[in-house]
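**Q** sequence isn't available, so here's the structure alone:
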DNA sequence: CGTTCGTATAACAGGTTAGTTATATAGCTA
DNA sequence: TAGCTATATAACTAACCTGTTATACGAACG
């Protein structure tokens, strides 16, 4: 099987990750990090995504709560985390999201 | 606004309804009721869907548990319930599912 | 080094979900 | 009407989810 060939996605895991207003919000914000978050001194928002701290502030929940939402999204593969110089940046995994969308269209 | 115009679907509600192996299973079975369930004396499986009882048996949970899963799916609008002669039949709401799929493709 | 900053994990509380059994409701049928 | 069948609801329990505060870890810097 080629790598391009769709390996069946666990839809339940994906839907669980998406079944949260907060996480949907995060995914939406990450569509355009430089638009939705303040400028960052370190780390290009469009390359590595937004840093945890900004997401915490914008979500309006405690830092650990936001951190766990981001973990759920990364565990599902919908978001990619990059740690650099003590900061962690999050960006959408567009490929995984596209795969998921395709799978939903084909199999739901 | 015309009725054909897409009124924004509550994605969180939909994803919550879909975030369950059992309910995904039900939706899959209902793609082809006459294939996946025993023949019914009453009610055309391809027109009205499968009756609750068969779904209960195939799910392998208690009747009330299955009944509630079906309620979650119907409340989300993904499944349509038809009561007739004391039986209740369930079928997929293909239009709603297509709308949802489209919304996911556009906005996820 | 020791402190500070950013993030992750631990421990706990409250609400929700999903299962169970028991019971109610509604439509046939004898 | 009485009784049977199919389904829905109620009441309860265990597990899970999401928030909190407190704490640990790791990198940068005085």
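**A** Good, I have the coordinates. Worth saying up front: this structure is predicted, and the values here are computed from it rather than measured. Residues are numbered from 1 along each chain as shown, chains lettered A, B, ... in the order given.
**Q** show me where chain A has strands.
**A** Counting by DSSP state E, one finds strands in chain A at the ranges A:50-51, A:79-84, A:87-92.
**Q** pull the residues that contact the second one.
**A** Spelled out, it's strand A:79-84. A:26-27, A:30, A:42-43, A:48-49, A:70, A:73-74, A:88-93 (Cβ atoms under 8 Å, 6 or more residues apart in numbering or on different chains). The C-beta positions use only the backbone N, C-alpha and C, and glycine is treated the same way.
**Q** make it 7 Å
**A** With Cβ atoms under 7 Å, 6 or more residues apart in numbering or on different chains as the test, strand A:79-84 has contacts from A:30, A:43, A:48, A:70, A:73-74, A:88-93.
**Q** and if you look at the last one?
**A** Counting by Cβ under 7 Å, 6+ apart, strand A:87-92 makes contact with A:27, A:30-31, A:33, A:42-43, A:48-52, A:55, A:70, A:79-82, all of which sit outside it.
**Q** is stretch A:9-26 positioned near DNA strand C?
**A** No. Applying Cβ under 7 Å from any atom of the strand, one finds stretch A:9-26 separated from DNA strand C by no less than 8.6 Å.
**Q** and that stretch, how far apart are its ends?
**A** Taking Cα to Cα, to the nearest Å, stretch A:9-26 runs 21 Å from one end to the other.
**Q** what does stretch A:30-38 give?
**A** Start-to-end span of stretch A:30-38 (Cα to Cα) is 13 Å.
**Q** and that stretch, what's its mean pLDDT?
**A** Per-residue pLDDT over stretch A:30-38 has a mean of 90.
**Q** and it, how far out from the chain middle?
**A** 12 Å (Cα atoms, centre = their mean, to the nearest Å).
**Q** show me which residues of that stretch are buried.
**A** Buried positions in stretch A:30-38, judged by neighbour count with 16 or more other Cβ atoms under 10 Å in any protein chain shown: A:30, A:33, A:36-37.
**Q** can you pull the phi/psi pair for residue A:20?
**A** For residue A:20, the backbone dihedrals (degrees, to the nearest 10) come out as phi -160, psi 120.
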